[in-house]
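Engineer: Sequence first, predicted model second:
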Amino acid sequence: MGNSVKENYETIQRAELHRKIWAIADDVRGAVDGWDFKQYILGILFYRFISENMRDYFNKAEREAGDVDFNYADISDDEALKYFKTGTVEEKGFFILPSQLFENIVKNAAKEDNLNVKLDTIFKEIEASAIGSGSEEDFKGLFRDVDLTSDRLGESVPEKNMKLTSILVGISELNFGNFEDNHIDAFGDAYEYLISNYASNAGKSGGEFFTPQTVSRLLAKIVVDGKDKINKVYDPTCGSGSLLLQMRKFEGVEIEEGYYGQEINMTNYNLARMNMFLHNVNYNDFSIKRGDTLLNPYHGEERPFDAIVSNPPYSIKWIGDADPTLINDERFAPAGKLAPKSYADYAFIMHSLSYLSSKGRAAIVCFPGIFYRKGAEKTIRKYLVDNNFVDCVIQLPDNLFFGTSIATCVLVLAKNKTENKTLFIDASKEFKKETNNNILEETNIENIIKEFRERADVEYFSRYVDNSKIEENDYNLSVSTYVEKEDTREKIDIKVLNKEIAETVKKIDELRASIDEIVRELESDE
């Protein structure tokens, strides 16, 4: 399929998704604040997905075995328990009875007196189906944020059920055929859309854990460039998992051992696990853990990782040197200094570096201040440059992220560089303007990747700099220090200007003379 046709499909599917979600939101408005409402939309979208996933799993097997009209949704729960449950949890990680499938609940939703209780029971039973199996951790508490007893859905049970029915019916009408065959990331897109519409009333939290898909794509392309396989992918601050999942989209790049992430926020931790299932990543191919990455890191046993993608929270506070044991932590010790208490950025960077394999790459979205501030941050920059770990620094355009208009940067780390040089790319003009935010188009991403690969010096765009030069500049890693900005002001030719001034003065003199002449004539007529 040609790129333009594919982009056309994407545009149509995305517009349909947005229109439908907004219609559901309109229906439910008033009862549920937009920000809380996203939990219901995403939770029920996920419920629809796993229902269809389970139904299709059984239908495919039965139809291939000769029962061409078989439909799991039509059989009894007893039959399902007797013939279909054994082995399913080991294979899929969960089990859903036919009567609990999304399509069967939607059919009778409007007539169901206790819809909220029924759904709550189904969600708990889906989670419970994994207990005692390898997928238990991946399903525990998955639906915790879809609070079906909440008064935010309505004060009375009939009101709650009316709202829930609206959401169920709305989501049942989203027509995407197969989730896996989609040209768009339906879940990521729904999430991105909800956040972009509600970020303003959610304050800063709207932007701090969501990486727009176009930025995710750039990071993913950087870490896989020139590779046909990587052992596994890791994101130490994985949010809803959108960065990890971008890695699935590259044909010709094999990810041998799956996806690993850690997330501190409970809601995002639940969304990340849902997101994995939504993208058909089986429970034994991912490990998402909840906890504070800096103080309680997971996945140390799974190190090292060939690909690390990350958008850590910018300049948040952390305990730093108030905990004297942290300087002995194997992740932070090598730099000789801890990231300052009021800026944890380099703690996340050093953490990623310690999880990176000798042939891997890490691409991390960073706040620009970390590249020039003094003190401990400069000490850590010196360590990174002197050991030749900084592969590239890319200045991105401003206004790419929801909730902040600031221009961010991408720091690329590697441990296998062959030259003592660092690449600087000024991509601040590589964007397309959209209504609320700028976006990176495919051509913008390609321009950046081409330069990342070729490392040519391109005026006003990129420069490949000797590390000794960075040392001379006091370990400043700001792109503007090395790549000159184009002066777009109009150039003025002073000779031409003087000539124009002389002509203007002459015209003024002539005009004055004409006016004087008119005045004299008027006076002589009196």
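Structural biologist: Nice, I can see it. Predicted, not measured: the structure shown is a model, and the values here were computed from it.

Engineer: Quick check: the gap between the residue nearest to Met54 when sequence neighbours are not counted and Asn59.
Structural biologist: Closest residue to Met54 apart from its sequence neighbours, by C-beta to C-beta, 6 or more residues apart in numbering: Ile96 at 4.9 Å. To be clear about C-beta, it is placed using only N, CA and C from the backbone, and glycine gets the same treatment. Remark: distance between Ile96 and Asn59 (C-beta to C-beta, to the nearest Å) = 13 Å.

Engineer: higher neighbour count, those two?
Structural biologist: Ile96 (22 against 17; other C-beta atoms under 10 Å).

Engineer: what secondary structure does the more buried one sit in?
Structural biologist: coil (DSSP: H, G, I helix; E, B strand; the rest coil).

Engineer: doesn't Phe49 make contact with it?
Structural biologist: No - contact criterion C-beta atoms under 8 Å: Ile96 and Phe49 do not qualify, at 11.3 Å.

Engineer: Next, the buried residues of stretch 125-143.
Structural biologist: Neighbour counts over stretch 125-143 (16 or more other C-beta atoms under 10 Å) mark Ile126, Glu127, Ser129, Ala130, Ser133, Ser135, Glu136, Asp138, Phe139, Leu142, Phe143 as buried.

Engineer: and those residues, which two are the farthest apart?
Structural biologist: Farthest apart among the buried residues of stretch 125-143 by C-beta to C-beta are Ser133 and Phe143. That separation is 17.6 Å.

Engineer: Next, the contact list for the residue nearest the centre of the chain, please.
Structural biologist: Ranked by distance to the mean C-alpha position of the chain (C-alpha atoms, centre = their mean), the top residue is Thr211 at 2.7 Å. Neighbouring residues of Thr211 by C-beta atoms under 8 Å, 6 or more residues apart in numbering: Leu219, Gly239, Ser242, Leu243, Asn311, Val365, Phe401.

Engineer: And those residues, which is the shakiest by pLDDT?
Structural biologist: Ranked by pLDDT, the contacts of Thr211 bottom out at Phe401 (79).

Engineer: How many neighbouring residues does that one have?
Structural biologist: With other C-beta under 10 Å as criterion, Phe401 counts 24.

Engineer: any idea how far it lies from Leu218?
Structural biologist: From Phe401 to Leu218 the distance is 13 Å (C-beta to C-beta).

Engineer: is it true that Lys317 touches Ala347?
Structural biologist: No - here Lys317 does not reach Ala347: they are 10.8 Å apart, not a contact under C-beta under 8 Å.

Engineer: Alpha carbons of stretch 81-90, as CSV, please.
Structural biologist: Provided in CSV are the C-alpha atoms of stretch 81-90 (Å, rounded to 0.1, in the frame of the first residue of the first chain):
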residue,chain,number,x,y,z
LEU,A,81,-16.5,-23.9,31.2
LYS,A,82,-16.6,-27.6,30.2
TYR,A,83,-14.8,-27.4,26.8
PHE,A,84,-13.0,-24.1,26.5
LYS,A,85,-11.5,-22.9,29.8
THR,A,86,-8.8,-25.5,30.2
GLY,A,87,-5.5,-24.2,28.9
THR,A,88,-6.9,-20.8,27.8
VAL,A,89,-5.5,-18.9,30.8
GLU,A,90,-2.0,-20.3,30.2
